[in-house]
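> this one's sequence-less:
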């Protein structure tokens, strides 16, 4: 079986490209697929895939696409490659276009979680600075872009304690808040412990890879872009106690199934003031760098190898191939 790999390559360290993948990630995936007996081909990003499709190379050479493209432009950027593959009836890994569009919109995702009766912090969406004067939430609040990942747009000022601080941080986020594609989401701040949960599989066949606690080694208790980039300096990852892990994992697995995510990913969870696990967000295209990404790190801490992750992603996707 031949598997093509689609990806957005990160060529610099700018925050704007934080969700793109290092060449080492592509090499990790490629070598692991090879060790599992698959032939591989690097395709590249959306435009590279489009050229391949127009030349019919993908039709003749690849049986499946291992897709980790994040995209760059628009609210549907993560869905662009899957939508193109769906149109050409080519199987691929990870979630479908609908789920990827939905989960990139944090507010819409939280509405579904909330309406299903699962705990998540009260929130609102603002599209312009004047909207902050209509907010009816309890301080402290937490501000972040509604359509970004990898801690983009989050920093030490993201937690605010009053209206003036809220106004200041929203003004700092004007590149996001003035763009109609990327409004801001404002949530009541969750003061408790933070966790991330790894999941493999789809629907009722989804299983837990385990739970990892994110411990902050500084006064800034926010999993920001800077914290994630320099995690060895600012973060300590640990396994939580069994009872807490069960509660956090239960919420994560219910959320994963509810949202219709596929093959593998992560759910982020934080405790409220009463110690109740709350859904933060989902990452259906979780990073797969063997050494630095949260999913492989937490899997290893829970006894699962990188090879196990890649093998089971492909096995989950294989089940959608029509005979």
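It's in. Small disclaimer: the values here were computed from a predicted structure and weren't measured. Numbers count the residues shown, from 1 in each chain.

> for the stretch 201-323 of the chain, which segments count as strands?
Counting by DSSP state E, counting those that start in this stretch, the segments of the stretch 201-323 of the chain that form strands are 207-216, 235-238, 264-271, 277-283.

> hmm, who's touching the shortest one?
This points to strand 235-238. With CB atoms under 8 Å, 6 or more residues apart in numbering as the contact definition, strand 235-238 has outside contacts at 212-217, 223, 227-228, 231, 297-298, 301. From N, CA and C alone the C-beta is placed, and that goes for glycine too.

> list the buried residues for that strand?
By neighbour count with 16 or more other CB atoms under 10 Å, strand 235-238 contains the buried residues residue 235.

> for that strand, what is the average pLDDT?
Mean pLDDT, computed over strand 235-238, is 93.

> partners of it in the sheet?
Using DSSP bridges, strand 235-238 pairs in its sheet with strand 207-216 (antiparallel).

> got the angle for the strand it pairs with vs strand 277-283?
110 degrees (axes from the mean of the first three to the mean of the last three CA atoms, to 10 degrees).

> residues making contact with strand 207-216?
With CB under 8 Å, 6+ apart as the criterion, strand 207-216 contacts 193-201, 222-223, 227, 234-240, 245, 248-249, 252-253, 294-295, 297-299, 301-304, 309.

> so residue 186 sits in a helix?
No. Counting by DSSP: H, G, I helix; E, B strand; the rest coil, residue 186 falls outside a helix, being strand.

> how many residues are close by residue 85?
Neighbouring residues of residue 85 were enumerated by other CB atoms under 10 Å; the total is 22.

> wait, doesn't it sit right on residue 67?
Yes. Using CB atoms under 8 Å, residue 85 is in contact with residue 67, at 7.2 Å.

> common neighbours of the two, please.
residue 92.

> returning to what we had before: quick one: which of the contacts of strand 235-238 is nearest residue 89?
Ranked by distance to residue 89 (CB to CB), the contacts of strand 235-238 are led by residue 298 at 34.2 Å.

> so that closest one sits against residue 196, correct?
Yes. Contact criterion CB under 8 Å: residue 298 and residue 196 qualify, at 6.3 Å.

> overlap in contacts, the two.
Residues touching both residue 298 and residue 196 (CB under 8 Å, 6+ apart): 211, 212, 266.

> just the closest of the residues you listed to residue 127, please.
residue 266 (28.0 Å).

> so what pairs up with the closest one in the strands?
Going by DSSP bridges, residue 266 forms beta bridges with residue 198, residue 283.

> so what pLDDT did it get?
On the pLDDT scale, residue 266 gets 97.

> same deal with residue 146?
For residue 146, pLDDT reads 89.

> how close does it get to residue 157?
For residue 146, the distance to residue 157 (CB to CB, to the nearest Å) stands at 17 Å.
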